[in-house]
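In: Okay, structure incoming, though there's no sequence with it:
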């Protein structure tokens, strides 16, 4: 019995992944149901403070993720969004501007975004950067994306012939897989 924790709704198609998801939900539910009721809750304020701090400075352990900086930014912003932080109001203009300025430094002359300033463009950080700009909601941020160059970048990584035609390389000369197609759409 998983207690008050409802399983995620599915489409009814059982796969290895969906079975693993059910197993994990069952295990988490069992662990959470053993906790006293006053301990099985989300510490929203602590999570909020940690995330907001991450918008300014990350602990040293994140240094190895230098090529993932737009992703980290997206995860922080999306987590704040899930916590309801923007129901209180949008990001302050200065925060949205800092985000836009940082991501502008990650934008390649070819139109995509790299994992950090001066890094080659890749579809994954491009997706994360654009989603971060959407969450930040800054008009300045939207305007800094060169849409024609973005289109040109997307077309430069689109596979034009062969058995993978229509798919997308994640970066020029990179692998072609579902991530490329998902993040380019």
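Out: Right, received. Where do you want to start? Please read these numbers as outputs of a predicted model, since none were measured by experiment.
In: Number of residues surrounding residue 143?
Out: As a burial measure, residue 143 scores 11 neighbours (other Cβ atoms under 10 Å). (Glycine included, C-beta is placed from N, CA and C.)
In: Would you verify that it is located in a helix?
Out: Yes - counting by DSSP: H, G, I helix; E, B strand; the rest coil, residue 143 is located in a helix.
In: State the distance from it to residue 86.
Out: With the distance defined as Cβ to Cβ, to the nearest Å, residue 143 ends up 21 Å from residue 86.
In: do residue 112 as well
Out: Distance of residue 112 to residue 86, given as Cβ to Cβ: 27 Å.
In: neighbours around residue 22, how many?
Out: Counted with other Cβ under 10 Å, residues neighbouring residue 22 total 14.
In: How much space separates it from residue 10?
Out: Counting by Cβ to Cβ, the separation of residue 22 from residue 10 is 8 Å.
In: likewise residue 151?
Out: Applying Cβ to Cβ, the value for residue 151 to residue 10 is 36 Å.
In: Quickly find the element holding the residue nearest in space to the middle of the chain.
Out: By Cα atoms, centre = their mean, the chain has its centre lying nearest to residue 74, at 4.3 Å. Using DSSP states H and E, residue 74 sits within helix 69-82.
In: other SSEs contacting that helix?
Out: Contacts defined by 3 or more Cβ pairs under 8 Å, 6 or more residues apart in numbering; DSSP states H and E place helix 69-82 against helix 44-56, helix 93-106, helix 123-136.
In: Show me the contact partners of the last one.
Out: Helix 123-136 is contacted from outside by 67-71, 73-74, 77-78, 81, 86, 91, 95-96, 99-100, 103, 106-107, 112-115, 119, 141-142, 145, 150, 153, 157, 168-171, 179-180, 182-184, using Cβ atoms under 8 Å, 6 or more residues apart in numbering.
In: which stretches of this structure have low pLDDT?
Out: Scanning the chain for pLDDT under 70 picks out 1-8, 40, 88-90.
In: switch the cut-off to 50
Out: 1-3 (pLDDT under 50).
In: Nearest to residue 31, out of the helices and strands packed on helix 69-82?
Out: helix 44-56 (18.9 Å; Cβ to Cβ).
In: For residue 38, find the nearest of the helices and strands packed on helix 69-82.
Out: Residue 38 lies closest to helix 44-56 among the helices and strands packed on helix 69-82, at 14.8 Å (Cβ to Cβ).
In: Would you check how far apart the closest residue in space to residue 105 that isn't next to it in sequence and residue 157 are?
Out: Distance criterion Cβ to Cβ, 6 or more residues apart in numbering; nearest residue to residue 105, sequence neighbours excluded, is residue 117 at 4.1 Å. As defined by Cβ to Cβ, residue 117 lies at a distance of 20 Å from residue 157.
In: more neighbours, the two?
Out: Using other Cβ under 10 Å as the criterion, residue 117 and residue 157 rank with residue 157 on top: 23 against 13.
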